[in-house]
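1. any chance you could fold what I've pasted below:
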Amino acid sequence: MRKIHKKENFKYSLFLPKLMSEKKLGYNIRVKAEKVNYEVFKEYMEIAKRADNSDLYYLGIPEFFARFDSRRLHSIPYMAAIATQTEHVKFGPNVMEVPLLHPIHVADTTATLDIMSNGRYILGVGLGFWPSEYENFGIPWKERGKRLDEALDIMKKLWTEPAIYDYRGKFFTLKNVCSPPCIQKPHPPIWVGGCSNAALRRTAQYCNEWAPSWWFPGLSEETPNVVGVKEPFTWKAGLEKLKEYCKKFGRELVLGRAPKGPKEVGFNMSGMNVNINPDREKAIEEARHFWLDVRQGRTQGAGSFDMKLKQAAVGNAEDVIEKLEEVYKTGAYCVVIYPMGTDSKSQWDRIEKEVLPSL
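-> Predicted structure coming up:
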């Protein structure tokens, strides 16, 4: 996506370098709909191909494991299809619940998708928010954070060393294992979600970018129950803490652009709900139907529809662009938008024609 020079319309944050800022857009190409069949899959692939020919930076693929809902496609084979049907756009899971999987499996999958896409894969990792998923996999909910840390340590070794000959951790013991070599060096970028202190430390210690969902400051009455934050959260405070952790691990936080190299840590906003419709009431009704009837409030950290509506950009394209500008002002260089409606094609049409050209 091209860079812009509109400094006069951009209020820089405390950390944001006062130079040309990148503004990139990602799009969540859903794997969950009112129904899932081959026709829906073909529609999603058509959107992916169109996105590949646009200025879109990234396609996010949501992941679901063992949830009580059949209206979904599994992310890994779906991403393999995207890898072979596109040539330019970056893509990855948004996010993969790594504690539910073995790190060898995730490392091999990551390397394979990176090879299949010729170096366009981005591994998004997170913990999820449904204890029942962990119960179904036989993994204690309270162990999820430590499991993710150990898995990240193992995967980075698999990608950067010839082999792991003897690894003895708290959860995994490995002998004589290796993973395919990745195209991207030292490995594909790792984005981590979450707004907790542990997520910020994890970003600085293991990952390349912090990629939380878009939560407006001022929603503290519901946010702690949704994202695990125990006190009112602001982006400034989160970035301050992330900067401290980066210093501790010998890295540097950069805002307003993508990180360059393993010593830098970036910041993007992964998950802003949108419904574009010139008729705002219709947009709200479509969003309500999608959140309450289709998703049943079971994704993106759950939460009430009123809270989702406060966070979302619902209305015409100008409303969406205005909200995007608000997000970019936090220091995020990339925003991943989620279509909040069942008609994915019409939403993509409006984003492609009315939103992307403005960036």
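
2. what residues of the helix or strand containing residue 288 count as buried?
-> Using DSSP states H and E, residue 288 falls within helix 280-288. Buried residues in helix 280-288, counting neighbours by 16 or more other Cβ atoms under 10 Å, are found at 283, 284, 286, 287, 288. All C-beta atoms are positioned from the backbone trio N, CA, C, and that covers glycine.

3. and the residues you listed as TSV, adding distance to residue 132 and pLDDT?
-> Shown next, in TSV, are the buried residues of helix 280-288 (distance: Cβ to Cβ, whole Å; pLDDT from 0 to 100):
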residue	distance to residue 132	pLDDT
283	32	89
284	30	88
286	29	88
287	26	86
288	25	86
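
4. from the residues you listed, pick the one nearest residue 211.
-> For these, the residue nearest residue 211 by Cβ to Cβ is residue 287; the value is 22.7 Å.

5. and residue 188, how far from residue 107?
-> Per Cβ to Cβ, to the nearest Å, residue 188 is found 10 Å from residue 107.

6. who's more crowded, those two?
-> Taking other Cβ atoms under 10 Å, residue 188 and residue 107 do not tie; residue 107 has more neighbours (26 against 23).

7. check whether residue 78 sits in a helix, strand or coil.
-> Following DSSP: H, G, I helix; E, B strand; the rest coil, the label given to residue 78 is helix.

8. so it makes contact with residue 61?
-> Yes. Between residue 78 and residue 61 there is a contact under Cβ atoms under 8 Å: 6.1 Å.

9. of the buried residues of helix 280-288, which is the nearest to residue 177?
-> residue 287 (45.7 Å).

10. residue 248: what's it in contact with?
-> Taking Cβ atoms under 8 Å, 6 or more residues apart in numbering, we find residue 248 in contact with residue 204.

11. okay, residue 141: pLDDT?
-> Note for residue 141: predicted pLDDT of 95.

12. what count of nearby residues applies to it?
-> Neighbours of residue 141 under the rule other Cβ under 10 Å: 14.

13. and the contacts of the helix holding residue 288?
-> 273, 275-277, 305, 308-309, 312, 314-316, 319, 340-343.

14. downstream neighbour of it in the secondary structure list?
-> That would be, after helix 280-288 and using DSSP H and E, helix 305-311.

15. and that next one, which residues are buried?
-> For helix 305-311, by 16+ other Cβ under 10 Å, it's 307, 308, 309, 311.

16. any idea which helix is longest in this structure?
-> Longest among the helix segments of the chain by residue count, using DSSP state H, is helix 144-160.

17. direction included, what does the next helix or strand after that one pair against?
-> Sequence order places strand 167-168 as the next helix or strand after helix 144-160, per DSSP H and E. Based on DSSP bridges, the pairing partners of strand 167-168 within the sheet are strand 173-174 (antiparallel).

18. centre of the chain to the strand it pairs with, how far?
-> 29 Å (Cα atoms, centre = their mean, to the nearest Å).

19. got the contact list for it?
-> Contacts with strand 173-174, where a contact means Cβ under 8 Å, 6+ apart, come from 104, 154, 164, 166, 167.

20. rounded mean pLDDT for that strand, please.
-> The average pLDDT for strand 173-174 rounds to 97.

21. just after that strand, pick out the following helix or strand.
-> strand 190-192.

22. quick one: the strands in the chain, in order.
-> Ranges of strands in the chain, per DSSP state E, are 24-28, 58-61, 90-93, 96-97, 123-126, 167-168, 173-174, 190-192, 209-210, 252-253, 264-267, 269-276, 313-315, 334-339.
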